[in-house]
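Colleague: one predicted model, sequence on top.
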Amino acid sequence: MQTRDIQWGEMKGIRKFEHAQELPEDYRDFLLKLLWVQADTEFASVQQHRPWLDSAPSFEDRWIEARIIADEMRHGWQMVKILEDFGDDGREYIQDLLNRKEHEHKLDSFNMDFDTWDDVAAFACLVDRVGLYQLRSFQECSYAPLARAMPQMLAEENLHIGAGRNTLNRIANDPTYYGDKQIAQAAVNKWYPRALDMFGHSGSRGSEMAVKLGIKRWRNEEARGMYVEEITPIIEKIGLTVPDEHADRRVS
């Protein structure tokens with residue numbers, strides 16, 4: 001159930017903002033950049049998954065890839081529709097998104113190719129789960145149009161991470177399927193550090209600002225800690241080893 005009032009931060013208790021014209025300038029500029037990055041990750045994911053639409057190991061895998069691509073494109077489109085409310089500034093960011101090519105995206109994880117099918121599985125299981133935390137952090141946020149976009153996006157993101165988990169488990173444990181446990185472990189070793197990096201810097205001023213303005217519910221380090229607590233038993237249940245949290249990290 002959507003609430004009408006801001007739920008946390010320095011403006012807690014006042015009515016949520018309904019249009020970009022209502023926003024204080026610092027809030028407006030900050031939210032614009034968050035929306036742009038969010039949209040960029042959605043469209044980048046489409047580019048990463050697209051080659052596997054015709055080359056995934058089974059027809060069921062290809063159907064799931066088609067669903068993921070459609071969902072990610074729609075998620076990006078939702079962010080674009082919100083950006084349109086910001087007038088010329090929003091349209092400038094939209095044009096940037098339209099012009100952005102593969103390997104030119106804001107976050108490292110979305111500039112990496114899916115060279116093998118285990119890349120697809122590990123990304124969906126590990127990195128898409130970070131996306132789930134990002135969307136959860138926007139739930140009930142102080143900008144009402146963004147808060148209203150979250151329920152459907154969350155439902156679809158759960159499908160993606162469920163498919164990733166199931167596929168990674170099959171790679172590790174199903175001898176009739178693609179790969180084996182060694183391949184699955186190598187994929188986890190590759191994508192786990194990138195997933196942790198996705199949360200951003202601990203102690204980030206931007207992270208603090210997002211909570212202060214009521215846009216995001218958690219600071220970067222809080223969300224990363226919850227993620228590690230959730231993903232550890234998932235990886236172990238598949239029969240794989242959780243990598244060292246500090247190994248191969250680029251953002252801490």
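Modeller: That came through fine.

Colleague: please identify which helix or strand holds Asp71.
Modeller: In this assignment (DSSP states H and E), Asp71 forms part of helix 59-84.

Colleague: residues making contact with the very next helix or strand once past that helix?
Modeller: The helix or strand immediately downstream of helix 59-84 is helix 87-99, counting by DSSP H and E. Contacts with helix 87-99, where a contact means C-beta atoms under 8 Å, 6 or more residues apart in numbering, come from Ala20, Leu32, Leu35, Trp36, Ala39, Asp40, Phe43, Gly76, Val80, Leu83, Glu84, Phe86. In short, each C-beta sits where N, CA and C put it, glycine included.

Colleague: nearest to Arg194, of those residues?
Modeller: Distance to Arg194 across those (C-beta to C-beta) is lowest for Asp40, with 15.8 Å.

Colleague: packing partners for the host helix or strand of the closest one?
Modeller: Secondary structure from DSSP H and E places Asp40 in helix 25-49. Identification of packing neighbours for helix 25-49 by 3 or more C-beta pairs under 8 Å, 6 or more residues apart in numbering; DSSP states H and E yields helix 59-84, helix 87-99, helix 205-212.

Colleague: identify the farthest-apart pair in the contacts of helix 87-99.
Modeller: Between any two of those, the greatest separation by C-beta to C-beta is 21.3 Å, found for Ala20 and Phe43.

Colleague: longest helix in the chain, please.
Modeller: In terms of residue count, the longest helix belonging to the chain (DSSP state H) is helix 144-173.

Colleague: circling back: now a ChimeraX select for only the buried ones of the contacts of helix 87-99.
Modeller: Filtering the contacts of helix 87-99 down to the buried ones (16 or more other C-beta atoms under 10 Å) takes a single ChimeraX command:
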select :20,32,35,36,39,40,43,76,80,83,86
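
Colleague: quick revisit: got the buried residues for the helix holding Asp71?
Modeller: Buried residues in helix 59-84, counting neighbours by 16+ other C-beta under 10 Å, are found at 61, 64-65, 68-69, 71-72, 75-76, 78-80, 82-83.

Colleague: to Lys16, which of the helices and strands packed on helix 25-49 lies closest?
Modeller: Lys16 lies closest to helix 59-84 among these, at 13.6 Å (C-beta to C-beta).

Colleague: against which helices or strands is the closest one packed?
Modeller: helix 25-49, helix 87-99, helix 144-173.

Colleague: may I see the ones you listed organised as CSV, with distance to Asp197 added?
Modeller: As requested, these are exported to CSV (distance: least, C-beta to C-beta, whole Å):
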stretch, distance to Asp197
helix 25-49, 13
helix 87-99, 22
helix 144-173, 18
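
Colleague: quick one: these as JSON lines, columns for mean pLDDT too.
Modeller: Below are the helices and strands packed on helix 59-84 laid out as JSON lines (pLDDT from 0 to 100):
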{"stretch": "helix 25-49", "mean pLDDT": "96"}
{"stretch": "helix 87-99", "mean pLDDT": "96"}
{"stretch": "helix 144-173", "mean pLDDT": "95"}
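
Colleague: so which of the ones you listed comes closest to Gly214?
Modeller: Of all the helices and strands packed on helix 59-84, helix 25-49 comes closest under C-beta to C-beta, at 9.0 Å.

Colleague: quick one: work out the angle between that closest one and helix 59-84.
Modeller: Interaxial angle, helix 25-49 versus helix 59-84 (axes from the mean of the first three to the mean of the last three C-alpha atoms, to 10 degrees): 160 degrees.
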